[in-house]
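Engineer: Attaching a predicted model along with its sequence, questions to come.
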Number of protein chains: 2
Amino acid sequence: MKLGALGEDRLLNRILLHLPRVRGGKVFAGSADDCAIVEIPRSKKYLVLKTDCVVEGVHFTHGTNASDVGWKAMMRPLSDFAAASALPQFALITLIVPQQTKVAWVRGLYRGLRGATNRFKVSIVGGETSNTPGPIAISVSVIGFVEKPRAASRRGGRSGDDLFVTGHLGGALKRKHLKFVARIAESRWLTKNFSIHAMMDLSDGLGSDLPRFARASKVGFDIELENLPVARGATVDNAISEGEDYELLFAVSPSNRKRLEREWRCNFPGLPLTRIGSLNRKSQVANRKLPRGYVHFQQPR
Amino acid sequence: MKLGALGEDRLLNRILLHLPRVRGGKVFAGSADDCAIVEIPRSKKYLVLKTDCVVEGVHFTHGTNASDVGWKAMMRPLSDFAAASALPQFALITLIVPQQTKVAWVRGLYRGLRGATNRFKVSIVGGETSNTPGPIAISVSVIGFVEKPRAASRRGGRSGDDLFVTGHLGGALKRKHLKFVARIAESRWLTKNFSIHAMMDLSDGLGSDLPRFARASKVGFDIELENLPVARGATVDNAISEGEDYELLFAVSPSNRKRLEREWRCNFPGLPLTRIGSLNRKSQVANRKLPRGYVHFQQPR
């Protein structure tokens, strides 16, 4: 059997990695989550690790501005740090490029990478470059820490929790996917001020990501489609299916709703926070309030 | 200008990375060294980070056994941990593969990756898979720790130090480059029992790596070519130029020589340890005791 027949990449990860328990320590979140979050001896913080890559012809096209490619390559794993409410600290870069790549392009790439690390005070501490006969690929690993009580993962959502998303969904492929800023400030504020039960970043689209979130939390969900914060110029379909939004999705007790909405508006006046639905007991309904046609948008079974 | 015109990959790294100081902490070794070695708050250990990759058509051929590819992809960064005398703890894997890759091949790859991590009690805590129109590439990041007094880097070699190498050099392309075991046990033993002034792993060949080592330590070197531990079936030329040896090169005070050689033989009876020369003051000589023809084998100037 070939990989293409297995379906999406993340499925592959789950099938093939079968990760063992972390040796000599506890793991708070593993490879199926946005970041790996692991205990280290004698520390009040977890060590947080994430690797991600962008490939020419898959995540960006030949003509994409090199600096934008670098920005996106770094912001993607940083967005996973936002999902974990972790502070990124160090980055390692693997650059796989053909010999005929222009030096100016690589300089542009690093300008974008550094722009993104500067934004969050991350230090690029290592890099490796390899020749390739194929397309350009950039792999970025980010390492950081999170205070144990503030670590967030996809697990932990409870039946009855409100579901919130930051920002707008849909239409990101036009421009936002190359310009987005990881929601680390927002995520850190959330876990400082509220008990966030579960959180993830939306990279593949709500229609793919929400079922993963619910599955990890072992709950079902109700979505109020009429309340989705659809981006200007985008449709509900775009908001569900396009992906590349890099917004936060999180679950929090409804007892927090009023204070959360009020204090959010004061702290992040330019960024909407929208309650899009709630979590429920898994067995309750399937595809509740979801129109037909969104084949990805399935309740976990 | 195109990358090919810049020469070797590591040069590119140095030109383009221009790494800034690590924010909010001290850096013991940076990107020009085998690993990044950085301080973390309130810890007696350094955090050690390394990323590396192997690419089809560059580091392995289409027909190479998948398990061997996985083993090599993991052992290469682990060999850099040996150079730092650090204990690897976690690994992240980025797998960039075409859709038509066989699932059995990827399973074989992970068997090799896991074989290598099992050898050193490393936990694979995360992975990302991406589609590519090009050749297979595997990027591995390894994270671990080293007690501050035992951290080794290329810097620190002193004029007058003895230069030692482990094992044999040359002939590694036949088989050893897919089967080698990172010299972590040996490296840990060395820094536990001796003051190792500087250390690196030999991946590009002594002729390329020793000048880097000397440059980082700001010293010159004398090599006794007749003493090189040339592998059976290999020539002195192979031992200097081929690379892929993954043996340790280190500098230690000559006052340790007798005890080091005696205790090494007791602890690692199957593995030779050879004094191949010494470090000297940089200005003293150029290309001393080196035959003509080894164009890479230059004293640092």
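Structural biologist: Now that the structure is in, tell me what you want to look at. No experiment lies behind these values; they were computed from the predicted model shown. Residues are numbered from 1 along each chain as shown, chains lettered A, B, ... in the order given.

Engineer: Please count neighbours and contacts with C-alpha atoms only from this point.
Structural biologist: Will do.

Engineer: what bridges to the residue lying closest to A:L190 once chain neighbours are set aside?
Structural biologist: Nearest residue to A:L190, sequence neighbours excluded (Cα to Cα, 6 or more residues apart in numbering or on different chains): A:I196, at 7.1 Å. Under DSSP bridges, the beta-bridge partners of A:I196 are A:V252.

Engineer: Output the lowest mean pLDDT helix or strand found in chain A.
Structural biologist: helix A:9-17 (a mean of 55; mean pLDDT, DSSP states H and E).

Engineer: still on that earlier bit, and the residue nearest to A:L190, what is it in contact with?
Structural biologist: If you count contacts by Cα atoms under 8 Å, 6 or more residues apart in numbering or on different chains, A:I196 has them with A:152, A:190, A:250-253.

Engineer: Can you get me a residue count around A:N267?
Structural biologist: Residues near A:N267, counting by other Cα atoms under 10 Å in any protein chain shown, number 11.

Engineer: Now do the phi/psi pair for it.
Structural biologist: phi -90, psi -30 (degrees, to the nearest 10).

Engineer: Report the separation between the residue of chain A most remote from its centre and B:A137.
Structural biologist: No residue in chain A sits farther from the centre than A:Q100, which is 33.0 Å out by Cα atoms, centre = their mean. Distance from A:Q100 to B:A137, counting by Cα to Cα, to the nearest Å: 18 Å.

Engineer: Could you do A:G134 as well?
Structural biologist: Distance from A:G134 to B:A137, by Cα to Cα: 10 Å.

Engineer: Likewise for A:H168?
Structural biologist: Taken as Cα to Cα, the span from A:H168 to B:A137 is 35 Å.

Engineer: Settle it for me: which of the two has more neighbours?
Structural biologist: A side-by-side neighbour count of A:H168 and B:A137, using other Cα under 10 Å, places B:A137 first with 27 against 21.

Engineer: A:Q99 falls within a helix, correct?
Structural biologist: No: going by DSSP: H, G, I helix; E, B strand; the rest coil, the assignment for A:Q99 is coil, not a helix.

Engineer: Neighbours of it, how many?
Structural biologist: Neighbours around A:Q99, by other Cα under 10 Å: 18.

Engineer: which residues touch it?
Structural biologist: Residues in contact with A:Q99 (Cα under 8 Å, 6+ apart) are A:131-132, B:2-4.

Engineer: What of A:M199?
Structural biologist: A:83-84, A:152-155, A:213, A:248-251.

Engineer: farthest pair in these?
Structural biologist: Greatest spatial distance among the contacts of A:M199 (Cα to Cα): A:R155 and A:L248, at 14.6 Å.

Engineer: hang on, the earlier thing: please flag which of the contacts of A:Q99 sit within strands.
Structural biologist: With strands defined by DSSP state E, the entries of these inside them are A:N131.

Engineer: Give me the buried subset of the contacts of A:Q99.
Structural biologist: A:131-132, B:3-4 (16 or more other Cα atoms under 10 Å in any protein chain shown).

Engineer: name the element the residue most central in space within chain A belongs to?
Structural biologist: What sits nearest the mean C-alpha location of chain A, by Cα atoms, centre = their mean, is A:D201, with 3.1 Å. Assigned by DSSP states H and E, A:D201 belongs to strand A:196-202.

Engineer: sorry, back to before: can you pull the contacts of the residue nearest to the centre of chain A?
Structural biologist: Here A:D201 is in contact with A:34, A:79-80, A:82-83, A:246-249 (Cα under 8 Å, 6+ apart).
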